[in-house]
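**Student:** Okay, sequence plus prediction incoming.
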Amino acid sequence: MRRKITKNCDAFTLVELLVVISIIAVLLAVLMPALSKARESAKGVICGTRLKNVGLALEFYSKDWDGHIMPYYRPSEPTGIGRYWIGKLLKYFPTQKMASSDSGTLTTEIVFCPSFEPFDIGKAESWAKCYGMRLWGIDIDRVPPGTWTEYQKYQKTLNVRATPAEFFLVADSVRIYTKTGATPTQNFAIYNAAHIVDTDIYVHVRHGRGVANTLFMDLHVGPKDKNYFNKLHVTQKSYFLRGEKVYAWTKKDGLRPKEPD
């Protein structure tokens, strides 16, 4: 007597497989925006941490130099990144790599926001892509367009009229490089405030629902929107912004002796 052999089929049928794939696709469609939002939120936290480290370096500089705020730029310094505040800042992070010439590339992560990838447009100052610093003591009425002058003045923290918790030092920034003839979008190029008189430098409200991470003199970091900076231009007499553009603060103080290298 022959036994009837039956096969137990544990494999998915084609229909079942398609159903599973469809369910996975739906779940991915639902979860991906949330994951993307979480990823950007994490980048914002990293950005804030880096700005706090920048603030600590600025504080160390101030203690080393009798309470003076680090200058944004000194044209009398040797050419290269050493002229800019970033070059001075990185002296307080000896393990970080930095450029030493105009053609070099700044490789440290401390001064870059992870939410906005730098775009190299072939400029010699490619290392200038980083956070933007509030400028100090430049009388913009005395600075001819397109020129550098020795009007970089040093401010003491005691001379700042606003309270430390209300006076910002560094913020997310972007340079819309329109000189190439390309459409000026925030995805085209980013620079910090690398030129005093340029009209294409902005605070970059790149996080969340349109805010810029901002470092204040008391070393706290907070998100600030466009309305905050527009109001700030009036209340603190700061030329950091005209509209949203980065300009210099016009408070006049005496020149401080040149710091040693």
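**Tutor:** Cool, got the structure.
**Student:** So which elements touch the longest helix along the chain?
**Tutor:** Longest helix of the chain, by residue count under DSSP state H: helix 14-64. On a contact count with 3 or more Cβ pairs under 8 Å, 6 or more residues apart in numbering; DSSP states H and E, helix 14-64 meets helix 85-89, strand 168-171, strand 212-216, strand 221-224. (C-beta placed from N, C-alpha, C; glycine too.)
**Student:** what's the second one in contact with?
**Tutor:** Same thing as strand 168-171. Residues outside strand 168-171 that contact it (Cβ atoms under 8 Å, 6 or more residues apart in numbering): 51, 54-55, 58, 69, 131-134, 203-204, 212-217, 224, 232.
**Student:** Pairing partners for it, with directions?
**Tutor:** Strand pairing for strand 168-171, using DSSP bridges, gives strand 132-133 (antiparallel), strand 212-216 (antiparallel).
**Student:** among those strands, which gets the worst mean confidence?
**Tutor:** Sorting those by mean pLDDT places strand 132-133 lowest, at a mean of 78.
**Student:** quick one on the thing from earlier: just send the helices and strands packed on helix 14-64 back as a markdown table, with mean neighbour count and distance to V19 too.
**Tutor:** Output for the helices and strands packed on helix 14-64, formatted as a markdown table (neighbours: other Cβ atoms under 10 Å; distance: least, Cβ to Cβ, whole Å):
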| stretch | mean neighbour count | distance to V19 |
| --- | --- | --- |
| helix 85-89 | 24 | 56 |
| strand 168-171 | 24 | 51 |
| strand 212-216 | 25 | 45 |
| strand 221-224 | 18 | 44 |
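**Student:** need the ones you listed in a markdown table with distance to I24, can you?
**Tutor:** Shown next, in a markdown table, are those (distance: least, Cβ to Cβ, whole Å):
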| stretch | distance to I24 |
| --- | --- |
| helix 85-89 | 46 |
| strand 168-171 | 42 |
| strand 212-216 | 36 |
| strand 221-224 | 36 |
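**Student:** of all those, which lies closest to G44?
**Tutor:** strand 212-216 (6.8 Å; Cβ to Cβ).
**Student:** before we move on, the earlier item: can I get the strands paired with strand 168-171 in JSON lines with distance to T13?
**Tutor:** Shown next, in JSON lines, are the strands paired with strand 168-171 (distance: least, Cβ to Cβ, whole Å):
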{"stretch": "strand 132-133", "distance to T13": "60"}
{"stretch": "strand 212-216", "distance to T13": "53"}
